[in-house]
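**Student:** predicted model and sequence below, questions to follow.
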Amino acid sequence: MKVILLGITGQVGFELQRALAPIAEVYRSGYGDNMRLDLCDFAGIEKSVRDFVPDVVINAAGFTAVDKAETEREHATIVNADAPGVLARAAAKIGAAIIHYSTDYVFDGEGCEPRSEFASTSPLNHYGASKLAGEVVVATENARHLILRTSWVYAVHGKNFPKTILRLASTRDVISVVSDQIGAPTGAPLLADATTHALLKLLDDSSAFGLYHLVAGGEASWYELAIFLCEQAKAQGLLQKVPEIKPISSVEYPTPAKRPLNSRLSTEKFRTNFSLSLPHWKDGINHFVLELARAKL
């Protein structure tokens, strides 16, 4: 199986290289690798897909700077919506499938129940709007699509909330963390492994293509995540002490882009269709901390 993988420098793309290696010949788009794709070069995208003739195109690239998307709207739309549409159309022309990642930010964050794939969307910021537009165009351009909405992604590789918290915890006695936004911290390794598992099934069962939610089990606030993370980091010797972590509201921590309070996503459809059990978010954080501890040995 031949796979074109975009976004290898990102958290999910980095992990996908590992997960896909045993089952596919992976053509990676990135600096110094065997192909380079500029998501703003639509003609180049179409030519690369046509020349490599993959079985699957996996788009793990994206404009993920949520606040910056408010001022760089055109660029965010090109990367998150227009380019994925070109990828999906180019893949469809050669009979290839496309896997594309999206976000809980397509929802308005109201209520406290997990949202299903059938729930109404209403993004609060331009990042969410651009990702929703990407979903629509990918599904329209290629019937053989797997769109995976996820949330609160982190990994040992790359920049993310857990790494920021550990950096602050190592230098401060007090940290304030938002406590009224609830979601599921989801490790990039889990996303990569679950994607690979789903891909293997899709090769045998094309009826499983579609839109899915894919996040770790359980739920937490950023505040609860920070406390658990710091406790585990101290236990593994990454922190000398756990700082005082103070809960604050989203109102007390204003950002250019409004965030949803409820980022809960129901994964019942994914778990049922792909026969997978998704581990609790704490398992992922434990693994994350252990990996960081090993890296310091």
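**Tutor:** That came through fine. Worth saying up front: this structure is predicted, and the values here are computed from it rather than measured. Numbering: from 1, shown residues only.

**Student:** roughly how far does the spatially closest residue to Phe274 that is not a sequence neighbour sit from Ala97?
**Tutor:** Closest residue to Phe274 apart from its sequence neighbours, by C-beta to C-beta, 6 or more residues apart in numbering: Ala198 at 5.0 Å. Any C-beta I mention is one placed from the backbone N, CA and C, and that applies to glycine too. As judged by C-beta to C-beta, to the nearest Å, Ala198 and Ala97 stand 11 Å apart.

**Student:** helices along the stretch 51-200 of the chain, start to end?
**Tutor:** 73-77, 83-93, 126-141, 161-169, 188-204 (DSSP state H, counting those that start in this stretch).

**Student:** Serialize those to JSON lines and add fields for mean pLDDT.
**Tutor:** Below are those laid out as JSON lines (pLDDT from 0 to 100):
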{"stretch": "helix 73-77", "mean pLDDT": "95"}
{"stretch": "helix 83-93", "mean pLDDT": "96"}
{"stretch": "helix 126-141", "mean pLDDT": "98"}
{"stretch": "helix 161-169", "mean pLDDT": "96"}
{"stretch": "helix 188-204", "mean pLDDT": "95"}
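
**Student:** could you dump those into CSV and include distance to Glu15?
**Tutor:** Below are the helices of the stretch 51-200 of the chain laid out as CSV (distance: least, C-beta to C-beta, whole Å):
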stretch, distance to Glu15
helix 73-77, 23
helix 83-93, 20
helix 126-141, 20
helix 161-169, 15
helix 188-204, 4
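
**Student:** out of those helices, which is the most enclosed?
**Tutor:** A comparison of the helices of the stretch 51-200 of the chain by mean neighbour count, using mean count of other C-beta atoms under 10 Å, puts helix 83-93 on top with a mean of 24.

**Student:** that helix packs against which elements?
**Tutor:** helix 42-52, strand 56-59, strand 97-103, helix 126-141 (3 or more C-beta pairs under 8 Å, 6 or more residues apart in numbering; DSSP states H and E).

**Student:** neighbouring contacts of the shortest one?
**Tutor:** Residues outside strand 56-59 that contact it (C-beta atoms under 8 Å, 6 or more residues apart in numbering) are 1-7, 16, 20, 24, 49, 84, 87-88, 90-91, 96-101, 195, 199.

**Student:** go on, the first one?
**Tutor:** Applying C-beta under 8 Å, 6+ apart, the contact partners of helix 42-52 are 2, 4, 27, 29, 35, 37-39, 57, 82-83, 86-87, 89-91, 93-94, 96.
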